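Engineer: Return a 3D structure for these sequence lines:
(chains A and B)
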Amino acid sequence: GQNIDQPTEMTATEGAIVQINCTYQTSGFNGLFWYQQHAGEAPTFLSYNVLDGLEEKGRFSSFLSRSKGYSYLLLKELQMKDSASYLCAVIRGDYKLSFGAGTTVTVRA
Amino acid sequence: DGGITQSPKYLFRKEGQNVTLSCEQNLNHDAMYWYRQDPGQGLRLIYYSQIVNDFQKGDIAEGYSVSREKKESFPLTVTSAQKNPTAFYLCASSIGLADYNEQFFGPGTRLTVL
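Structural biologist: So this is what the prediction gives:
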């Protein structure tokens, strides 16, 4: 089976940094996506990692270690609008996506 | 504007009735997907289509059916055989099925079976 684990909830203060971890065990690996999803809305793309290392895009960065089956999403300079669910999704060997249950981040003033 | 549309946003049906959820895209994408999302669980793949007139079962296809007669459209029918149909249904599309192709999601349809 496919196993993708993320923390259920995280809380942080406006302006702070939060790191959301994702560990995975899947049948094959062809890359990893991070999506943001506001309540009741569609997920929107944040980042894509296929090689080991850090990908930076503005306030958001994503890291991948294939040997450890581990990724994290780093959110810097948190803003209230960053309150959302963050989904880790692995592209399996059959090119289908398996999603984690998501991490709900609450940003407090 | 290019994008994916799903309608309606909220849908109510009586138990035992089939219901069809629509999904249309004008992104000229070849691949389309249906997922369901339940509280506390990740999105799960129901069906996907790589090209017109072709579709494949995903991880939880039982009780669902699809068609892909046009590139732009990928409707999902939730049949009475689906034991727990109440869920948030998301349609997505991508350029192709290849690993680097980001999937774009529609706004979703929340189906409630009474």
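
Engineer: Surely A:Leu97 touches A:Ala89?
Structural biologist: Yes: counting by Cβ atoms under 8 Å, A:Ala89 is a contact partner of A:Leu97 at 4.8 Å. C-betas here are computed from N, CA, C, even on glycine.

Engineer: ok, B:Thr109 to chain A distance?
Structural biologist: B:Thr109 sits 11 Å away from chain A when distances are taken as Cβ to the nearest Cβ, to the nearest Å.

Engineer: again, but for B:Ala92
Structural biologist: Counting by Cβ to the nearest Cβ, the separation of B:Ala92 from chain A is 8 Å.

Engineer: Please apply the same query to B:Gly40.
Structural biologist: Relative to chain A, and taking Cβ to the nearest Cβ, B:Gly40 is found at 6 Å.

Engineer: Can you give me the neighbour number for the residue lying closest to that residue once chain neighbours are set aside?
Structural biologist: Excluding the flanking residues, the one nearest B:Gly40 by Cβ to Cβ, 6 or more residues apart in numbering or on different chains is A:Ala101, at 5.8 Å. A:Ala101 sits with 20 neighbouring residues when counted by other Cβ atoms under 10 Å in any protein chain shown.

Engineer: that older thread, show me the common contact partners of A:Leu97 and A:Ala89, please.
Structural biologist: A:Phe33, B:Leu43 (Cβ atoms under 8 Å, 6 or more residues apart in numbering or on different chains).

Engineer: Have a look at those two and say which one is more surrounded.
Structural biologist: Using other Cβ under 10 Å, the more surrounded residue of A:Leu97 and A:Ala89 is A:Leu97, with 29 against 24.

Engineer: Phi and psi next, for the more buried one.
Structural biologist: phi -90, psi 140 (degrees, to the nearest 10).

Engineer: tell me which residues form a beta bridge with it?
Structural biologist: A:Ile91 (DSSP bridges).

Engineer: That one: what's it in contact with?
Structural biologist: A:Phe33, A:Ala89, A:Val90, A:Ile91, B:Leu43, B:Leu45, B:Gln103 are the contacts of A:Leu97 under Cβ under 8 Å, 6+ apart.

Engineer: okay, those residues in CSV with secondary structure next?
Structural biologist: Converted to CSV, the contacts of A:Leu97 look like this (DSSP: H, G, I helix; E, B strand; the rest coil):
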residue, secondary structure
A:Phe33, strand
A:Ala89, strand
A:Val90, strand
A:Ile91, strand
B:Leu43, coil
B:Leu45, strand
B:Gln103, coil
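
Engineer: Name the residues of chain A found near chain B, please.
Structural biologist: A:4, A:8, A:30-31, A:33, A:35, A:40-45, A:48, A:50, A:87, A:89, A:91, A:95-102 (Cβ under 8 Å from any Cβ of the partner chain).

Engineer: again, only this time at 6 Å
Structural biologist: Residues of chain A lying near chain B by Cβ under 6 Å from any Cβ of the partner chain: A:Asn30, A:Gly31, A:Ala42, A:Pro43, A:Phe45, A:Ile91, A:Tyr95, A:Lys96, A:Phe99, A:Gly100, A:Ala101.

Engineer: Of these - the most surrounded one?
Structural biologist: That'd be A:Pro43 among these, by other Cβ under 10 Å, with 27 neighbours.

Engineer: hang on, isn't it packed against B:Phe105?
Structural biologist: Yes: with contacts counted by Cβ atoms under 6 Å, A:Pro43 reaches B:Phe105, the gap being 5.0 Å.
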